[in-house]
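Student: No letters, just coordinates:
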């Protein structure tokens, strides 16, 4: 009885909080969900060329805030066009987090394609009318890719208006080579992790383009839009190798080192979308999707096994934390229904992207104050390192609480650990993450420092990387880790053994705390 009352209270609190915070957007969206809003027609899809024209028009209408680019081509040669939005769109400000949104990687899951375009237009249209949106644009660099699979989209047909249930399977899901792009990324336990070209080998051209995009930019937060259910899904998607379940019978959760933060991200999206949080439209989903989902969120592996997903690739191979957003039971709904989807998801997207500012950010610099690229920043008790950018920047998304962290880099003495407190976010009061600065002193090379692993990211990208680099997360073990302690003989390790580097850094931090 007590548990039931607590659950009811929590759900009610989340809805009340969402309603209160949404008041800051009064006047931004017409509650009558008509077709015309923010100066555009919401009740149309348009073909791929028309989408590109719309993105180009935004960059022309708002030249100081928007620019377009391309990450590559589809199998049929269609441009994978994105738009960047920020207050200084030509050059990212120091410590400004990068957020990306990707839609339509399954060609017949079309709502995300539209939501991302609507969101881009919304940010620009309301920059001078909403303090919250102004904060986001002034302090965030948005990279928005409405469609990853334009070839599939061109093969898809929308459902009749208000169909229930909608068409769930079609050949438009896959790319033109009949490959599911969300099963086409390297698995977290991929053996070929030392070279980006090896990772790209055999992948679809769309997957390769997105991988290069991800690996060459220091993205902090990301969402990948899908359809067929209404739920926010967080990593891992893939279970322990050899113990996978291939269907929805007794699935097992498989959690990351950042599960608390991932759940906060997923719940933030869900609670601002009443249809997701309340699971009120699950009747339109085909049977067997797993609905209803408690609070509108679920761990990917606990739902069903997905091997080679994009969200696992983001987290396993980079610093970026990505979740997968299933935003419609109907994969390709009638265009007259699109305004309702925008109404249900607009607040969620705004609040979710603001989470790029939760936790901490900062710089790792040398004695002269010059940023150190390729440095590692470690939170004690968390096996996932974050790696500094070329300018020495780092970002770590953290839920409210107390943390201790430190920084290390090849050729430098490790930093003194610092303690940080992450407060609860205040409703309707946007703020940037707390800034921390680590200054490292050069060290004389020793067996230990010589063997300490440099960053995974730049080696994978083939950019200014030391030798013998590989990925270091809670799922990888590098040969250099085996000699992390001076005079220690190499020992055979398995791919799922806890990183000795992680243990080494935690020991440094604990020793400092205990002797301070």
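Tutor: Thanks, I have the structure now. If you're wondering where the values come from, they're calculated on a predicted model, not measured in any experiment.
Student: Phi first, then psi, for residue 436.
Tutor: Main-chain torsions, residue 436, degrees, to the nearest 10: phi -130, psi 150.
Student: who touches the closest residue in space to it that isn't next to it in sequence in this structure?
Tutor: Closest residue to residue 436 apart from its sequence neighbours, by C-beta to C-beta, 6 or more residues apart in numbering: residue 362 at 3.8 Å. Quick note: C-beta positions are derived from backbone N, CA and C, even for glycine. Counting by C-beta atoms under 8 Å, 6 or more residues apart in numbering, residue 362 makes contact with 95, 393, 394, 435, 436, 437, 438.
Student: Per-residue confidence at residue 362, what does it come out as?
Tutor: Looking at residue 362, its pLDDT stands at 98.
Student: same check, this time on residue 287
Tutor: Looking at residue 287, the pLDDT reads 81.
Student: repeat for the one 3 residues further on
Tutor: What the model reports as pLDDT for residue 290 is 85.
Student: quick one, phi/psi of the residue nearest to residue 436?
Tutor: phi 170, psi -160.
Student: What separation do you get for it and residue 200?
Tutor: 32 Å (C-beta to C-beta, to the nearest Å).
Student: Which residues are in contact with residue 182?
Tutor: 105, 106, 224, 226, 306, 308, 309, 310.
Student: what about 6 Å?
Tutor: Contacts for residue 182 were tallied using C-beta atoms under 6 Å, 6 or more residues apart in numbering; they are 105, 309, 310.
Student: about what we covered before: of the contacts of residue 362, which qualify as buried by neighbour count?
Tutor: 95, 393, 394, 436, 438 (16 or more other C-beta atoms under 10 Å).
Student: Mind telling me what element the first one is part of?
Tutor: The one in question is residue 95. Assigned by DSSP states H and E, residue 95 belongs to neither a helix nor a strand.
Student: do the same with the third one
Tutor: Element membership of residue 394, judged by DSSP H and E, is strand 393-396.
Student: Which strands or helices does that strand pack on?
Tutor: Here strand 393-396 touches strand 360-365, going by 3 or more C-beta pairs under 6 Å, 6 or more residues apart in numbering; DSSP states H and E.
Student: Assign a three-state SS to the closest residue to residue 157 other than its chain neighbours, would you?
Tutor: In space, and not counting its chain neighbours, residue 157 is closest to residue 332: 6.8 Å by C-beta to C-beta, 6+ apart. Following DSSP: H, G, I helix; E, B strand; the rest coil, residue 332 is assigned to coil.
Student: swap in the one 5 residues further on?
Tutor: In the three-state summary, residue 337 is assigned as helix, counting by three-state DSSP.
Student: And it, what's its pLDDT?
Tutor: 96.
Student: what about this structure, any weak spots by pLDDT?
Tutor: Where the chain drops to pLDDT under 70, the residues are 1-33, 190-194, 240-250, 428, 445-516.
Student: so where do the helices sit in the stretch 1-150 of the chain?
Tutor: Per DSSP state H, counting those that start in this stretch, the stretch 1-150 of the chain carries helices over the ranges 2-22, 48-61, 111-125, 131-139, 150-155.
Student: residue boundaries of the strands in the stretch 251-400 of the chain?
Tutor: 297-299, 321-328, 360-365, 376-379, 386-387, 393-396 (DSSP state E, counting those that start in this stretch).
Student: I'd like to know which of these lies nearest to residue 160.
Tutor: Set against residue 160 and scored by C-beta to C-beta, the strands of the stretch 251-400 of the chain come closest in strand 321-328, at 14.7 Å.
Student: partners of the closest one, with directions?
Tutor: Sheet partners assigned to strand 321-328 using DSSP bridges are listed as strand 219-226 (parallel), strand 229-234 (antiparallel).
Student: Can you tell me what sits against the shortest one?
Tutor: The reference is to strand 229-234. So strand 229-234 is contacted by 262, 266, 269-270, 275-276, 281, 285, 289, 293, 296-298, 300, 323-326 (C-beta under 6 Å, 6+ apart).
Student: ok, now the longest one?
Tutor: Contacts of strand 219-226 from elsewhere in the structure, counted by C-beta under 6 Å, 6+ apart, are 97-103, 109, 112, 310-311, 314, 320-327, 356, 395.
Student: how much does it deviate in direction from helix 111-125?
Tutor: If you take axes from the mean of the first three to the mean of the last three C-alpha atoms, to 10 degrees, strand 219-226 sits at 130 degrees to helix 111-125.
Student: Just want the angle from strand 219-226 to strand 360-365.
Tutor: 140 degrees.
Student: roughly how far apart are residue 170 and residue 438?
Tutor: Residue 170 is 51 Å from residue 438, by C-beta to C-beta.
Student: wait, isn't residue 72 in contact with residue 80?
Tutor: Yes: using C-beta atoms under 6 Å, residue 72 is in contact with residue 80, at 5.2 Å.
Student: If you count surrounding residues, which of the two has more?
Tutor: residue 80 (22 against 15; other C-beta atoms under 10 Å).
Student: quick revisit: can I assume the residue nearest to residue 157 is in contact with residue 112?
Tutor: No: using C-beta under 6 Å, residue 332 makes no contact with residue 112, being 11.2 Å away.
Student: Comparing the two, which residue is more hemmed in?
Tutor: The neighbour count for residue 332 versus residue 112, taken as other C-beta under 10 Å, is higher for residue 112 (28 against 24).
Student: Nearest residue to the more buried one in space, please, no chain neighbours.
Tutor: Nearest non-adjacent residue to residue 112, counting by C-beta to C-beta, 6+ apart: residue 225, 2.4 Å away.
Student: Is the one you found bridged to anything, and to what?
Tutor: residue 325.
Student: Tell me how far it lies from residue 147.
Tutor: According to C-beta to C-beta, residue 225 and residue 147 sit 10 Å apart.
Student: Now for these two: what residues contact both?
Tutor: Common neighbours of residue 225 and residue 147 (criterion: C-beta under 6 Å, 6+ apart): residue 103.
Student: State whether residue 404 is indeed within a helix.
Tutor: No: the assignment for residue 404, made by three-state DSSP, is strand rather than a helix.
Student: still on that earlier bit, run the chain-centre distance for the strand holding residue 394.
Tutor: Put simply, strand 393-396 sits 14 Å off its chain's centre (C-alpha atoms, centre = their mean, to the nearest Å).
Student: Please apply the same query to stretch 344-361.
Tutor: Relative to its parent chain, stretch 344-361 has a centroid offset of 11 Å by C-alpha atoms, centre = their mean.
Student: swap in stretch 66-80?
Tutor: Computed by C-alpha atoms, centre = their mean, the separation of stretch 66-80 from the middle of its chain amounts to 20 Å.
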